[in-house]
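A.B. asks: What shape does this take:
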Amino acid sequence: MADYRNQVLAQIKAAQEAEQRARDDAYNKAAAAQKSAYDNNVNKLNGATEDALREAYINRMLSQRNLQQQLSAQGISGGASETTQASMLNNYENSRNSLEKERQQQLANLMQTYQNNMASLEQQRASGQAASLGQYQLALSNLAANNGVDLLSMVQGTTQSGATPTARYVNGEWVYY
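C.D. replies: Below you'll find the model as predicted:
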(Lines give C-alpha, C1' and ligand atoms only; values in the text may rest on other atoms or scores of the structure.)
Protein backbone atom coordinates (compact mmCIF):
# COMPACT_ATOMS: atom_id res chain seq x y z
CA MET A 1 0.00 0.00 0.00
CA ALA A 2 2.84 2.38 0.78
CA ASP A 3 4.30 1.67 -2.67
CA TYR A 4 0.94 2.46 -4.28
CA ARG A 5 0.65 5.67 -2.30
CA ASN A 6 4.21 6.67 -3.22
CA GLN A 7 3.50 5.95 -6.89
CA VAL A 8 0.37 8.08 -6.80
CA LEU A 9 2.22 10.89 -5.02
CA ALA A 10 5.04 10.68 -7.59
CA GLN A 11 2.54 10.87 -10.46
CA ILE A 12 0.76 13.82 -8.89
CA LYS A 13 4.06 15.60 -8.29
CA ALA A 14 5.27 14.91 -11.85
CA ALA A 15 2.00 16.25 -13.28
CA GLN A 16 2.22 19.31 -11.06
CA GLU A 17 5.84 19.96 -12.14
CA ALA A 18 4.92 19.54 -15.82
CA GLU A 19 2.05 21.97 -15.35
CA GLN A 20 4.40 24.44 -13.64
CA ARG A 21 6.93 24.17 -16.50
CA ALA A 22 4.15 24.79 -19.03
CA ARG A 23 2.95 27.79 -17.02
CA ASP A 24 6.50 29.15 -16.78
CA ASP A 25 7.08 28.64 -20.52
CA ALA A 26 3.82 30.44 -21.35
CA TYR A 27 4.74 33.27 -18.97
CA ASN A 28 8.24 33.61 -20.44
CA LYS A 29 6.88 33.71 -24.01
CA ALA A 30 4.22 36.27 -23.10
CA ALA A 31 6.77 38.37 -21.17
CA ALA A 32 9.16 38.28 -24.14
CA ALA A 33 6.33 39.35 -26.45
CA GLN A 34 5.45 42.22 -24.11
CA LYS A 35 9.09 43.35 -23.96
CA SER A 36 9.41 43.13 -27.73
CA ALA A 37 6.22 45.17 -28.23
CA TYR A 38 7.42 47.76 -25.71
CA ASP A 39 10.84 48.05 -27.37
CA ASN A 40 9.24 48.30 -30.82
CA ASN A 41 6.88 51.07 -29.66
CA VAL A 42 9.74 52.96 -27.99
CA ASN A 43 11.78 52.76 -31.21
CA LYS A 44 8.82 54.00 -33.28
CA LEU A 45 8.21 56.85 -30.85
CA ASN A 46 11.87 57.87 -30.80
CA GLY A 47 12.04 57.70 -34.59
CA ALA A 48 8.94 59.84 -34.99
CA THR A 49 10.24 62.37 -32.47
CA GLU A 50 13.63 62.54 -34.18
CA ASP A 51 11.89 63.12 -37.52
CA ALA A 52 9.80 65.91 -36.01
CA LEU A 53 12.88 67.49 -34.39
CA ARG A 54 14.73 67.31 -37.71
CA GLU A 55 11.76 68.94 -39.47
CA ALA A 56 11.65 71.72 -36.87
CA TYR A 57 15.38 72.37 -37.37
CA ILE A 58 15.01 72.47 -41.15
CA ASN A 59 12.08 74.88 -40.84
CA ARG A 60 14.12 77.12 -38.56
CA MET A 61 17.06 77.17 -40.96
CA LEU A 62 14.79 77.85 -43.94
CA SER A 63 13.03 80.65 -42.07
CA GLN A 64 16.36 82.18 -41.12
CA ARG A 65 17.64 81.92 -44.69
CA ASN A 66 14.45 83.40 -46.17
CA LEU A 67 14.11 86.15 -43.55
CA GLN A 68 16.19 88.70 -45.46
CA GLN A 69 14.24 88.03 -48.62
CA GLN A 70 10.91 88.42 -46.80
CA LEU A 71 12.01 91.65 -45.16
CA SER A 72 13.18 93.06 -48.50
CA ALA A 73 9.86 92.14 -50.08
CA GLN A 74 8.13 94.13 -47.35
CA GLY A 75 10.41 97.08 -48.00
CA ILE A 76 12.39 96.70 -44.82
CA SER A 77 16.09 97.18 -45.30
CA GLY A 78 19.07 96.92 -42.99
CA GLY A 79 18.65 93.28 -42.02
CA ALA A 80 16.61 91.44 -39.52
CA SER A 81 16.13 92.93 -36.14
CA GLU A 82 17.46 91.13 -33.12
CA THR A 83 13.91 90.80 -31.86
CA THR A 84 12.82 88.97 -35.02
CA GLN A 85 15.77 86.59 -34.86
CA ALA A 86 15.27 86.00 -31.15
CA SER A 87 11.58 85.29 -31.79
CA MET A 88 12.45 82.73 -34.48
CA LEU A 89 14.97 81.03 -32.21
CA ASN A 90 12.46 81.08 -29.34
CA ASN A 91 9.79 79.47 -31.54
CA TYR A 92 12.26 76.76 -32.55
CA GLU A 93 13.25 76.07 -28.94
CA ASN A 94 9.60 75.98 -27.86
CA SER A 95 8.90 73.49 -30.62
CA ARG A 96 11.85 71.30 -29.54
CA ASN A 97 10.77 71.44 -25.90
CA SER A 98 7.20 70.55 -26.81
CA LEU A 99 8.36 67.57 -28.87
CA GLU A 100 10.67 66.35 -26.09
CA LYS A 101 7.93 66.77 -23.49
CA GLU A 102 5.54 64.77 -25.66
CA ARG A 103 8.17 62.05 -26.15
CA GLN A 104 8.73 61.75 -22.39
CA GLN A 105 5.01 61.61 -21.75
CA GLN A 106 4.52 58.90 -24.38
CA LEU A 107 7.50 56.92 -23.02
CA ALA A 108 5.96 57.07 -19.55
CA ASN A 109 2.63 55.84 -20.96
CA LEU A 110 4.36 52.98 -22.76
CA MET A 111 6.22 51.99 -19.59
CA GLN A 112 2.99 52.11 -17.56
CA THR A 113 1.24 49.87 -20.10
CA TYR A 114 4.19 47.47 -20.11
CA GLN A 115 4.26 47.27 -16.31
CA ASN A 116 0.48 46.74 -16.12
CA ASN A 117 0.70 43.94 -18.69
CA MET A 118 3.59 42.30 -16.82
CA ALA A 119 1.68 42.53 -13.53
CA SER A 120 -1.30 40.89 -15.19
CA LEU A 121 0.90 38.08 -16.50
CA GLU A 122 2.40 37.61 -13.05
CA GLN A 123 -1.08 37.43 -11.51
CA GLN A 124 -2.17 34.84 -14.08
CA ARG A 125 0.85 32.71 -13.28
CA ALA A 126 0.24 33.02 -9.52
CA SER A 127 -3.44 32.09 -9.97
CA GLY A 128 -2.38 29.01 -11.92
CA GLN A 129 0.04 28.05 -9.18
CA ALA A 130 -2.64 28.48 -6.53
CA ALA A 131 -5.10 26.35 -8.52
CA SER A 132 -2.46 23.68 -9.01
CA LEU A 133 -1.71 23.66 -5.29
CA GLY A 134 -5.41 23.31 -4.56
CA GLN A 135 -5.62 20.33 -6.92
CA TYR A 136 -2.57 18.81 -5.24
CA GLN A 137 -4.14 19.22 -1.81
CA LEU A 138 -7.38 17.66 -3.04
CA ALA A 139 -5.47 14.69 -4.48
CA LEU A 140 -3.65 14.24 -1.15
CA SER A 141 -6.96 14.39 0.72
CA ASN A 142 -8.46 11.77 -1.58
CA LEU A 143 -5.41 9.59 -1.17
CA ALA A 144 -5.61 9.90 2.61
CA ALA A 145 -9.34 9.12 2.53
CA ASN A 146 -8.74 6.02 0.44
CA ASN A 147 -5.98 4.91 2.79
CA GLY A 148 -8.44 5.33 5.64
CA VAL A 149 -10.69 2.73 3.98
CA ASP A 150 -7.73 0.34 3.77
CA LEU A 151 -6.84 1.09 7.38
CA LEU A 152 -10.39 0.27 8.48
CA SER A 153 -10.31 -2.93 6.43
CA MET A 154 -6.97 -3.79 7.97
CA VAL A 155 -8.38 -3.38 11.46
CA GLN A 156 -11.16 -5.73 10.42
CA GLY A 157 -8.57 -8.26 9.22
CA THR A 158 -8.62 -7.84 5.41
CA THR A 159 -7.56 -5.40 2.68
CA GLN A 160 -9.55 -4.34 -0.37
CA SER A 161 -7.90 -7.17 -2.28
CA GLY A 162 -8.94 -9.64 0.41
CA ALA A 163 -5.40 -10.49 1.57
CA THR A 164 -4.48 -10.62 5.21
CA PRO A 165 -2.72 -7.34 5.95
CA THR A 166 0.56 -6.86 7.67
CA ALA A 167 1.26 -3.34 8.85
CA ARG A 168 2.59 -1.32 11.68
CA TYR A 169 2.33 2.32 12.70
CA VAL A 170 5.66 4.16 12.16
CA ASN A 171 6.29 7.90 12.58
CA GLY A 172 2.66 8.86 12.36
CA GLU A 173 1.60 6.63 9.44
CA TRP A 174 0.78 3.04 8.70
CA VAL A 175 3.46 1.10 6.88
CA TYR A 176 2.16 -1.90 4.91
CA TYR A 177 4.29 -4.94 4.11
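A.B. asks: low pLDDT regions in the protein?
C.D. replies: Confidence mapping of the chain against pLDDT under 70 gives the ranges 1-2, 4-5, 71-73, 75-81, 139-140, 142-177.
A.B. asks: Using the three-state scheme, assign the residue nearest the centre of it.
C.D. replies: In the chain, the residue lying closest to the centroid (CA atoms, centre = their mean) is Met118, at 2.2 Å. The three-state label given to Met118 by DSSP: H, G, I helix; E, B strand; the rest coil is helix.
A.B. asks: What is the burial count for Gln112?
C.D. replies: Using other CB atoms under 10 Å, Gln112 has 10 other residues around it. For glycine as for every other residue, the C-beta is placed from the backbone atoms N, C-alpha and C.
A.B. asks: give me the element it is part of.
C.D. replies: Element membership of Gln112, judged by DSSP states H and E, is helix 82-156.
A.B. asks: What residues does Ala33 make contact with?
C.D. replies: Applying CB atoms under 8 Å, 6 or more residues apart in numbering to Ala33 gives no contacts.
A.B. asks: Could you say which helix or strand holds it?
C.D. replies: Element membership for Ala33 (DSSP H and E) is helix 2-73.
A.B. asks: Just the angle for that helix relative to helix 82-156, thanks.
C.D. replies: If you take axes from the mean of the first three to the mean of the last three CA atoms, to 10 degrees, helix 2-73 sits at 170 degrees to helix 82-156.
A.B. asks: Show me how far helix 2-73 is from its chain's centre.
C.D. replies: Relative to its chain's centre, helix 2-73 lies at 11 Å (CA atoms, centre = their mean, to the nearest Å).
A.B. asks: Number of residues surrounding the residue nearest to Ala37 when sequence neighbours are not counted?
C.D. replies: The spatial neighbour of Ala37 that comes closest, neighbours along the chain excluded (CB to CB, 6 or more residues apart in numbering), is Tyr114 at 7.9 Å. The number of residues packed near Tyr114 is 17, by other CB under 10 Å.
A.B. asks: go on, the one 5 residues further on?
C.D. replies: By the measure other CB under 10 Å, the count of residues near Ala119 is 10.
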